[in-house]
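Participant: 3D model of this:
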Amino acid sequence: MTPVIFRKFKDAGDVIALFPTLPGDHYNDTCGSYMHVGQHGAACVGLIYETDPAHESEYMPLLKELERIGYSDLRIYQRYQPHFTALRLAELR
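Facilitator: You can find the predicted model right below:
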């Protein structure tokens with residue numbers, strides 16, 4: 001299962017999918033992310049704390065898009081879990 005956390009930007013309300021166990025790049029503090037516009041990219045893990053939780057009705061279109069492009073094993077989390085950091089760092093090694 002691939003953990004995903006859906007968050008919403010406070011200013012524009014755009015929804016972002018954060019993959020807290022997948023490295024975003026070669027830095028320890030980034031994780032993978034996906035948005036409708038821009039699609040895949042790296043995001044600072046701290047973004048989780050700078051955004052609001054997205055409600056199911058808000059993230060459902062993005063979830064459907066992720067499933068269409070091949071993400072069939074997503075597990076939705078509402079909060080960042082402490083063990084996510086260790087899993088992401090292990091992927092960097």
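Participant: give the next helix or strand downstream of the biggest helix by length in the chain.
Facilitator: Assignment by DSSP state H gives helix 56-68 as the longest helix of the chain. Note on helix 56-68: by DSSP states H and E, the next helix or strand toward the C-terminus is strand 74-77.
Participant: show me what that next one is packed up against.
Facilitator: Judged by 3 or more C-beta pairs under 8 Å, 6 or more residues apart in numbering; DSSP states H and E, strand 74-77 is in contact with strand 2-8, helix 56-68. The way it works is simple: take the backbone N, C-alpha and C, and place the C-beta from them, glycine included.
Participant: buried residues in it?
Facilitator: Using 16 or more other C-beta atoms under 10 Å as the test for burial, strand 74-77 gives Leu74.
Participant: buried residues, the next helix or strand after it. List them.
Facilitator: Downstream of strand 74-77, the first helix or strand assigned by DSSP H and E is helix 83-92. Within helix 83-92, the residues scored as buried using 16+ other C-beta under 10 Å are Phe84, Thr85, Arg88.
Participant: can you check stretch 48-64 too?
Facilitator: In terms of neighbour count (16+ other C-beta under 10 Å), stretch 48-64 has its buried residues at Ile48, Thr51, Ala54, Glu58, Tyr59, Leu62, Leu63.
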